[in-house]
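Undergrad: Quick one: sequence plus predicted model below, questions after.
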Amino acid sequence: MKFNFSTLRHLITLGFIALLFSCDDNPLDIDVSQVQVDLKVQRFDQDLFTTGTAISPESAKQLQENYGTFFQDFTMNIINIGDIRSPEAQYHLNAFVNDQYILEIKSKSDALYRDFTPYTNQLTDAFKHYKHYFPKRKTPKIITYISGYNYAIVTDEQYLGIGLDMFLGAKHDAYAKLGLPKYKSDFMTPDYLVSGAMLGWVSTEFELDNNQADLLTEMIHQGKILYLLDALMPEASNSVKINYTQEQLDWCEANAEAMWFYFIDNELLYTKTMADIAKYMGEAPFIQGFPDGSPGRVGHWIGWQIVKAYMKQQPNTTLEQLMQNNNAQEILTKSKYKP
């Protein structure tokens, strides 16, 4: 199991921005109506709380049969109460489902997501695109859950888990009480649920297998992820994909050339210094030392521009080939990127 977007840990998150294409010009705007995807959605957030006031060993066994490895992952890692086969874990699971604070979270989640059909439809469309580009890869089952504000997205080879309590709206009061900064909570809304889920899936399907990567390698890798997400959700807005405001998008466009020459002049592209990589790739309200208005994660944005330029220069390159190409220098050179 792999975890993304923990509210209790400082993680580098992926960010995106998409080109504005017309339908006629966008090679990623394809017809997937004939692609067959049987997307299964399981509502663990509902089933866990419908077993009655107490979860018996028999009820726990039934949940285990219905949810397989996810149920074990949920108890051992997501809410961290241990192996459900132990009496202690069953006790703590009962305490979880009867806790008034958790029940309030569930009530707010139900108000937004009891009918999950609109999100199922969007996820189905995204995975049709995924199946079109990667026909040999598996489509995961979708499992919705409530984590007690621990994890937004968890993934395994078989499932993609979505923590609904992490998408309750920018003004949800608990986020501020948890100490989440506004630049994060502003995007913890229903509008970002599907893009967040797809981001969680593709970022674990296509991981960077290089512990000694330089900044350019990190930038190109994230750029590939962004381009892939754009292919899976061609109709999604730029702001939803990148978790930027329109003002932040405009800032990047207006300062693209200045940023690029800043990286070159300061010889940053090939640095392996973790502090530098975190500064330009990590989530932050702004980049220290940059002019006012800069967003965090500008390395992701630049990497995406390079990958888009590369794919424009190499129109016969498939997405599969792009994702398998780990030569960042080759992609940069062949992109002829000039902001």
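TA: In hand now; what should we look at?

Undergrad: so which strand or helix has the most centrally placed residue in the chain?
TA: By C-alpha atoms, centre = their mean, the chain has its centre lying nearest to Leu199, at 3.0 Å. Using DSSP states H and E, Leu199 falls within helix 193-205.

Undergrad: C-terminal to that helix, what's the next element?
TA: Per DSSP H and E, helix 193-205 leads on to helix 215-232 as the next helix or strand towards the C-terminus.

Undergrad: Show me what that following helix is packed against.
TA: Packed against helix 215-232 by the contact rule (3 or more C-beta pairs under 8 Å, 6 or more residues apart in numbering; DSSP states H and E) you find helix 117-133, helix 193-205, helix 238-242, helix 274-281, helix 298-313, helix 319-324, helix 328-335. All C-beta atoms are positioned from the backbone trio N, CA, C, and that covers glycine.

Undergrad: The same query, at a cut-off of 10 Å, please.
TA: With contacts defined as 3 or more C-beta pairs under 10 Å, 6 or more residues apart in numbering; DSSP states H and E, helix 215-232 has these neighbours: helix 117-133, helix 193-205, helix 238-242, helix 256-265, helix 274-281, helix 298-313, helix 319-324, helix 328-335.

Undergrad: Tabulate the ones you listed (CSV), appending distance to Leu249.
TA: Converted to CSV, those look like this (distance: least, C-beta to C-beta, whole Å):
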stretch, distance to Leu249
helix 117-133, 22
helix 193-205, 15
helix 238-242, 6
helix 256-265, 11
helix 274-281, 17
helix 298-313, 9
helix 319-324, 23
helix 328-335, 21
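
Undergrad: that older thread, looks like the residue nearest to the centre of the chain contacts Asn243 (just checking).
TA: Yes. Counting by C-beta atoms under 10 Å, Asn243 is a contact partner of Leu199 at 9.2 Å.

Undergrad: what about the chain, any weak spots by pLDDT?
TA: 1-25, 51-52 (pLDDT under 70).

Undergrad: buried ones in the helix or strand hosting Asn94?
TA: Using DSSP H and E, Asn94 sits within helix 87-98. Neighbour-count burial for helix 87-98, counted by 16 or more other C-beta atoms under 10 Å, picks out 89-90, 92-94, 96-97.

Undergrad: name the helices or strands packed onto it?
TA: Counting contacts by 3+ C-beta pairs under 10 Å, 6+ apart, helix 87-98 packs against helix 57-67, helix 100-113.

Undergrad: quick one, which of the ones you listed is nearest to Ile79?
TA: Among the helices and strands packed on helix 87-98, helix 100-113 comes nearest to Ile79, with 9.3 Å by C-beta to C-beta.

Undergrad: Show residues contacting the closest one.
TA: 43, 45-46, 48-49, 79, 95-97, 99, 119, 144-149, 162-169, 172-174, 189-190, 193 (C-beta atoms under 10 Å, 6 or more residues apart in numbering).

Undergrad: circling back: including distance to Thr317, could the buried residues of helix 87-98 go into CSV?
TA: Converted to CSV, the buried residues of helix 87-98 look like this (distance: C-beta to C-beta, whole Å):
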residue, distance to Thr317
Ala89, 49
Gln90, 52
His92, 51
Leu93, 49
Asn94, 54
Phe96, 48
Val97, 50
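
Undergrad: of these, closest to Gly223?
TA: Checking those against Gly223 with C-beta to C-beta, the nearest one is Phe96 at 40.0 Å.

Undergrad: since we're on Gly68, how many residues are nearby?
TA: Neighbourhood size, Gly68 [other C-beta atoms under 10 Å]: 16.

Undergrad: who are the neighbours in contact with Asn66?
TA: 42, 44, 47.

Undergrad: run the last query once more with 7 Å
TA: Applying C-beta atoms under 7 Å, 6 or more residues apart in numbering, one finds that Asn66 lies in contact with Asp47.

Undergrad: Likewise for Leu93?
TA: If you count contacts by C-beta under 7 Å, 6+ apart, Leu93 has them with 55, 75, 81, 84.

Undergrad: ok, now how distant is it from Pro87?
TA: 11 Å (C-beta to C-beta, to the nearest Å).

Undergrad: how far is stretch 178-194 from where the chain is centred?
TA: Its chain's average C-alpha position is 12 Å from that of stretch 178-194, according to C-alpha atoms, centre = their mean, to the nearest Å.

Undergrad: List the contacts of that stretch.
TA: The contact list for stretch 178-194, computed with C-beta under 7 Å, 6+ apart, reads 7, 112, 119, 122-123, 126, 149, 162, 166-170, 175, 240, 243, 285.

Undergrad: burial of Gln222, as a residue count?
TA: With other C-beta under 10 Å as criterion, Gln222 counts 26.

Undergrad: tally of neighbours for Asn80?
TA: Count around Asn80 with other C-beta under 10 Å applied: 11.

Undergrad: nearest spatial neighbour of it, skipping sequence neighbours?
TA: Spatial nearest neighbour of Asn80, excluding adjacent residues (C-beta to C-beta, 6 or more residues apart in numbering): Asn150 at 7.8 Å.
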